[in-house]
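Colleague: got a structure for you, letters missing:
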């Protein structure tokens, strides 16, 4: 099995329990942190440092960040859909 690809967080960002800012905050990541994306799903549209997107990245069980805060090099899916 291949090791999970890691991506860099573009700016400080809250980690949410689901794909939107209305979900509870479950943590915070600092700019420059590395995360592995388990899967991605659509949710609330967010404008962040890398643009505007409705994609949210699951980085752990019940842990989501807006894809606009993750430097994936793409404005589309880079991981399986959740």
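Modeller: Everything's here; your move. Only a predicted model underlies this, so the values are computations on that prediction, with no experimental measurement involved.

Colleague: thought residue 18 was touching residue 66?
Modeller: No. At 11.6 Å, residue 18 does not count as touching residue 66 under the criterion of CB atoms under 8 Å. (Glycine included, C-beta is placed from N, CA and C.)

Colleague: Neighbour count for the two, which is higher?
Modeller: Ranked by neighbour count (other CB atoms under 10 Å), residue 18 and residue 66 place residue 66 first, with 26 against 17.

Colleague: quick one: buried residues of stretch 29-36?
Modeller: 29, 33, 35 (16 or more other CB atoms under 10 Å).

Colleague: Sorry, wrong one. I was asking about stretch 46-53.
Modeller: Those would be 46, 48, 50, 53, for stretch 46-53 by 16+ other CB under 10 Å.

Colleague: which residues make contact with it from outside it?
Modeller: 10-11, 13, 21, 45, 54, 66-72, 75 (CB atoms under 8 Å, 6 or more residues apart in numbering).

Colleague: All set now, cheers.
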